[in-house]
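Visitor: okay, predicted coordinates and the sequence, questions at the end:
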Amino acid sequence: MAPCSGFEYHSPIATLSDETLMPTPRTLLGGLRPEEFLKDYWQKKPLLLRGALPDFPSLIAADELAGLACEDDVESRLVQERGARPWQLKRGPFVEEDFLSLPPTHWTLLVQEANKHLPELAELIGYFDFIPSCLFDDVMISYAPDQGTVGPHYDYYDVFLLQVEGQKRWRINTQPIVEDNYIPGIDLRIMKTFEAEHDWVLEPGDMLYLPPGVAHYGIALGESITYSVGYRALSHAELLSSYLEDQIGKLPAHRYLDAAGLKQPRHSGEIDADIIARVTRIIRTLPMDETAIARWFGRYITEPKGCQELLSHDHTLTAKQLLKQLKQGATLHRSEYSRFNFVHVASTEAWLYIDGEEYPLTAPQIELAALLCDQHRFDWQALEALLAEAACVDFLCALYNQGKLYFSDEDA
């Protein structure tokens, strides 16, 4: 590996034909039906899938991944088992010297949210369409030379580990986690004691599903590239805090606890039932109906991470120009920087959510919204019937002009 050569990253999208990226039959789970996986394995127990995606292409070489980790807007990490201190962690963006000073073994490079920088990963994400996309987090790509590892650890989210290049040995333990079982004083939360219940070597195309709380220890056997398709872990505290904050922001600024008509208390220091009842009535004014919750959740779950700057086009299109490009064979893509989901609570009441913004939908637009959320790219054949409605054409054009959609020959 000669990482960061020239400090440039070029997306391999131009080298992949549309044929390569065309959806293929969903054979991800082998002979297991999606409903069986969700019933018996999802968030319950690990599953090893040999030959899950044997022909999925390696979309980025190790050198290119290192170059990507040198970019300012890319979240990346370097883990050295035997660095200046044990289990040393460095965060990107990196420079060439960071890689040139690495030893030949026992380190790992990890790049988060690789799907934002490699739009071709939409093909991989599509294989997981049996899981609600609102729970999808990101695709992380990790490269490691021989014996590279991030140590034995556990996470609180679901992850599918697809071996893309080389071999990786995975050792796992499904016993309940002991919270204080970690090595103190290091950069990472590495388990102090770990005993493997299962021990597998994954070849290219093999995949391992791990539910939350399963301890795992992956070690590269020679050079290895792994794609990790991760799903969000939403804590009760996080959800409740966000919902309350959302609803509180809608309250009138000058409304206060009504203390009129109080009776004299038996003890001035007692918080009596009357005061508690008045406070309880205020709390119960918060909307608790499913529509209010669904609309908040749509905004919440599609919010961009951190302070991410969303992309926009240098130019805008009219609805007529958009239609012309589609009719001439151009393919429209969803921006991988944006999150798309929709809520449909009644026959004609629905909203599309993109990056925390809510878009009310008219009846003709509901089917278009569903298509936009379910797929990542769209040609004239897929859109023709929907674009007979002017409201759909205008809506699609507005989303394009906001940078939520782009054509193949444009930057993602």
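Guide: Sure thing, it's come through. Residues are numbered from 1 along each chain as shown.
Visitor: now do the helices in the protein.
Guide: Secondary structure of the chain (DSSP state H): helices located at 18-21, 34-40, 62-68, 96-100, 114-117, 122-126, 236-248, 273-283, 290-301, 319-327, 363-374, 380-383, 390-401.
Visitor: what's around the nearest residue to residue 361 once chain neighbours are set aside, how many residues?
Guide: Sequence neighbours aside, residue 350 is the residue nearest to residue 361 in space, at 4.4 Å (criterion: C-beta to C-beta, 6 or more residues apart in numbering). For the C-beta atoms, the positions are set from N, CA and C on the backbone; glycine is no exception. Per other C-beta atoms under 10 Å, the neighbour tally for residue 350 reads 20.
Visitor: and the gap between residue 350 and residue 357?
Guide: 15 Å (C-beta to C-beta, to the nearest Å).
Visitor: residue 113: what's it in contact with?
Guide: Applying C-beta atoms under 8 Å, 6 or more residues apart in numbering to residue 113 gives the contacts 74-75, 138-140, 305.
Visitor: filter the residues you listed to the buried ones?
Guide: Among the contacts of residue 113, those classed as buried by neighbour count (16 or more other C-beta atoms under 10 Å) are 74-75, 138-140.
Visitor: looking at those, spot the one nearest residue 121.
Guide: Of all the buried ones among the contacts of residue 113, residue 139 has the smallest distance to residue 121: 5.1 Å, by C-beta to C-beta.
Visitor: I'd say the closest one and residue 231 touch.
Guide: No - look at residue 139 against residue 231 with C-beta atoms under 8 Å: they stay out of range, at 11.1 Å.
Visitor: first-to-last residue distance for stretch 367-385?
Guide: One end of stretch 367-385 sits 10 Å from the other (C-alpha to C-alpha, to the nearest Å).
Visitor: give me the mean pLDDT for it.
Guide: The average pLDDT within stretch 367-385 is 95.
Visitor: and what of stretch 258-272?
Guide: 92.
Visitor: kindly provide the distance from the most centrally placed residue in the chain to residue 301.
Guide: Most central in the chain under C-alpha atoms, centre = their mean is residue 137, positioned 1.7 Å from the mean C-alpha point. Separation of residue 137 from residue 301 (C-beta to C-beta): 11 Å.
Visitor: and residue 244, by the same measure?
Guide: From residue 244 to residue 301 the distance is 16 Å (C-beta to C-beta).
Visitor: you'd agree the residue nearest to residue 361 is up against residue 344?
Guide: Yes - with contact defined as C-beta under 8 Å, residue 350 counts as touching residue 344 (4.2 Å).
Visitor: overlap in contacts of these two?
Guide: With C-beta under 8 Å, 6+ apart, residue 350 and residue 344 have common neighbours residue 366.
Visitor: end to end, how far does stretch 107-125 reach?
Guide: Stretch 107-125 end-to-end distance (C-alpha to C-alpha) = 27 Å.
Visitor: what sits closest to residue 205 if chain neighbours are left out?
Guide: Distances taken as C-beta to C-beta, 6+ apart place residue 54 nearest to residue 205, at 3.6 Å, with adjacent residues excluded.
Visitor: next, count neighbours for that neighbour.
Guide: Neighbourhood size, residue 54 [other C-beta under 10 Å]: 11.
Visitor: again with residue 299
Guide: 19.
Visitor: ok, it - contacts?
Guide: With contact taken as C-beta under 8 Å, 6+ apart, residue 299 is in contact with 246, 353, 356-358.
Visitor: and residue 362, how far from residue 369?
Guide: Distance of residue 362 to residue 369, given as C-beta to C-beta: 10 Å.
Visitor: oh sorry, the question was meant for residue 38
Guide: 24 Å.
Visitor: got it, and residue 360?
Guide: Here residue 360 is placed at a distance of 10 Å from residue 369 (C-beta to C-beta).
Visitor: same question, residue 236
Guide: Counting by C-beta to C-beta, the gap from residue 236 to residue 369 is 29 Å.
Visitor: cool, and residue 340?
Guide: 8 Å.
Visitor: common neighbours of the two, please.
Guide: Contact with both residue 340 and residue 369 is made by residues residue 352, according to C-beta under 8 Å, 6+ apart.
Visitor: for the protein, what helix or strand is lowest in average pLDDT?
Guide: helix 18-21 (a mean of 33; mean pLDDT, DSSP states H and E).
Visitor: quick one: the strands in the stretch 201-350 of the chain?
Guide: Ranges of strands in the stretch 201-350 of the chain, per DSSP state E, counting those that start in this stretch, are 207-210, 215-231, 332-334, 340-346, 349-354.
Visitor: so what's residue 298 closest to, chain neighbours aside?
Guide: Nearest in space to residue 298, with sequence neighbours left out and distances taken as C-beta to C-beta, 6+ apart, is residue 353 at 3.7 Å.
Visitor: ditto for residue 380
Guide: Residue 380 sits nearest to residue 326 (C-beta to C-beta, 6+ apart), 4.6 Å away.
Visitor: and the end-to-end length of stretch 356-367?
Guide: First residue to last in stretch 356-367 (C-alpha to C-alpha) measures 20 Å.
Visitor: and for stretch 368-387?
Guide: Stretch 368-387 stretches 9 Å from its first residue to its last (C-alpha to C-alpha).
Visitor: tell me the gap between it and the middle of its chain.
Guide: 22 Å (C-alpha atoms, centre = their mean, to the nearest Å).
Visitor: ok so, going back, roughly how far apart are the residue nearest to residue 205 and residue 115?
Guide: For residue 54 relative to residue 115 (C-beta to C-beta), the value is 21 Å.
Visitor: try residue 197
Guide: From residue 197 to residue 115 the distance is 31 Å (C-beta to C-beta).
Visitor: which of these two has more neighbours?
Guide: Higher neighbour count among residue 197 and residue 115: residue 115, with 23 against 12, using other C-beta under 10 Å.
Visitor: quick one: that one and residue 136 touch, right?
Guide: No - Residue 115 lies out of contact with residue 136 (C-beta under 8 Å); the separation is 9.1 Å.
Visitor: shared neighbours of those two, anything?
Guide: residue 125.
Visitor: excluding chain neighbours, what is closest to residue 204?
Guide: Residue 204's closest residue in space is residue 163 (C-beta to C-beta, 6+ apart), at 5.5 Å.
Visitor: between residue 362 and residue 369, who's got more neighbours?
Guide: Ranked by neighbour count (other C-beta under 10 Å), residue 362 and residue 369 place residue 369 first, with 24 against 13.
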